[in-house]
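Peer 1: 3D model of this:
(one chain, ligands or ions: 1)
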Amino acid sequence: MALIELSDLLPGIRQILFNRPEKLNALSTPLMHEFEAALDAATADPAIRVIVLRGAGGKAFVAGADIAEYQGNKRAEFIAYQLNSRRVFDRLERIGKPVICAIDGFALGGGFEIALCCDILILSETAQLGLPEGRLGLSPGGGGTQRLLRAIGKYAASDLLLAGWRLSAERALALGIAADVVPAEDMDEAILRRARACLKIAPLAAAEMKRLLREGQDAGIETAKSLEQEVLFRLYSTADGQEGIDAFLEKRDPQFRME
Ligand code: COA
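Peer 2: Now for the predicted structure:
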């Protein structure tokens with residue numbers, strides 16, 4: 001059975017499902033390889049406009065790195081795993097398409113780190129997010145401390161890291177991490193509602209705005225504002241930019257062609 005299962009929820013919407021429910025979808029080395037291949041395929045296919053990440057089983061999105069692998073690892077293997085995770089998570093963050101992370105249940109350690117690389121988080125009411133590596137005598141290694149700091153600030157991040165606290169769905173919503181919290185039985189519809197909305201955003205604009213949020217975050221405000229205007233001026237000159245304006249004035253749906 002594949003550790004990653006692919007399906008298209010609708011044309012243009014690719015779901016990548018972590019499919020190791022008996023281990024709460026823990027990120028074993030083979031699973032990470034399949035995950036990267038799935039991301040590559042979805043990134044390369046121009047027909048795929050939105051990516052959805054989800055965990056199988058209903059109990060967890062992903063419960064983190066595979067702790068069983070950690071036990072038998074030599075130091076060099078451990079380091080190789082961490083470097084690979086960091087690289088794959090960075091690639092995920094840089095995908096020029098909207099990535100929706102749908103979290104039913106636990107998103108812990110590497111699972112939360114993956115979520116922090118996504119664009120829109122939809123949580124079931126039972127979701128719990130955390131970085132509990134400190135309880136293992138370790139610390140996160142896939143960018144989690146730094147992305148969390150930037151996402152929710154020092155004090156909320158300290159609560160998760162130093163008290164090992166998990167964020168409830170309600171708290172994640174209050175902190176601005178979650179876009180939506182829904183009952184578990186409404187997750188499918190909530191995912192589709194967001195994904196369909198993403199399909200209405202011009203793909204070139206989506207890619208550029210993702211880059212702006214990422215690069216602007218660590219840049220000075222003046223540099224970031226200049227970057228923003230460069231993006232807008234470039235988009236205005238694209239065929240899709242003109243199509244969007246024409247379609248609005250002609251009261252029709254735009255046909256974006258990524259040109
Ligand atoms: N790595 C490897 N196996 C894991 C795992 C992980 N990160 N998380 C869960 N599993 C396995 C469990 O060992 C168990 O396997 P088993 O049935 O063969 O014993 C199975 O998944 C179910 O998990 P279990 O612990 O029995 O479920 P629970 O409901 O009692 O607890 C959690 C759920 C998420 C609280 C608990 O599994 C947990 O703390 N996981 C580790 C989270 C973590 O520290 N992540 C960061 C890793 S660096």
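
Peer 1: Next to the ligand, which bits of the stretch 51-200 of the chain? Give me the list.
Peer 2: Taking Cβ under 6 Å from any ligand atom as the contact definition, the stretch 51-200 of the chain meets the ligand at 63-68, 106, 108-109, 132-133, 136. Where C-beta positions appear, they are placed from N, C-alpha and C, glycine not excepted.

Peer 1: Narrow those to those that are buried.
Peer 2: The neighbour count (16 or more other Cβ atoms under 10 Å) marks 63-66, 106, 108-109, 132-133 as buried among those.

Peer 1: Take those residues and keep only those in strands.
Peer 2: 106, 108 (DSSP state E).

Peer 1: Out of the buried ones among the residues of the stretch 51-200 of the chain next to the ligand, the closest to Glu230 would be?
Peer 2: Gly109 (37.2 Å; Cβ to Cβ).

Peer 1: So in the protein, which helix runs the longest?
Peer 2: What stands out as the longest helix in the chain, according to DSSP state H, is helix 75-94.

Peer 1: Return the set of buried residues in that one.
Peer 2: 78, 81, 85, 88-89, 92-93.

Peer 1: I'd like the buried ones among the residues of the stretch 51-200 of the chain next to the ligand written out as TSV, with pLDDT added.
Peer 2: Listed next are those as TSV, based on pLDDT from 0 to 100:
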residue	pLDDT
Ala63	98
Gly64	98
Ala65	98
Asp66	97
Phe106	98
Leu108	98
Gly109	98
Pro132	98
Glu133	97
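
Peer 1: Can you tell me which of the buried ones among the residues of the stretch 51-200 of the chain next to the ligand comes closest to Arg194?
Peer 2: So of these, ranked by how close each gets to Arg194 (Cβ to Cβ), first place is Phe106, at 21.2 Å.

Peer 1: List the contacts of Val181.
Peer 2: Neighbour list for Val181: 122-125, 127, 169-170, 172-173 [criterion: Cβ atoms under 8 Å, 6 or more residues apart in numbering].

Peer 1: For the residues you listed, work out which two are farthest apart.
Peer 2: Ile122 and Glu170 (14.0 Å).

Peer 1: More neighbours: which of these two?
Peer 2: Ile122 (26 against 13; other Cβ atoms under 10 Å).

Peer 1: Shouldn't the more buried one be within a strand?
Peer 2: Yes. Per DSSP: H, G, I helix; E, B strand; the rest coil, Ile122 lies within a strand segment.

Peer 1: Would you map the strands across the stretch 151-259 of the chain?
Peer 2: Assigned by DSSP state E, counting those that start in this stretch, the stretch 151-259 of the chain shows strands spanning 167-168, 178-182.

Peer 1: what residues does the shortest one touch?
Peer 2: The contact list for strand 167-168 (Cβ under 8 Å, 6+ apart) reads 127-130, 160, 175, 177.
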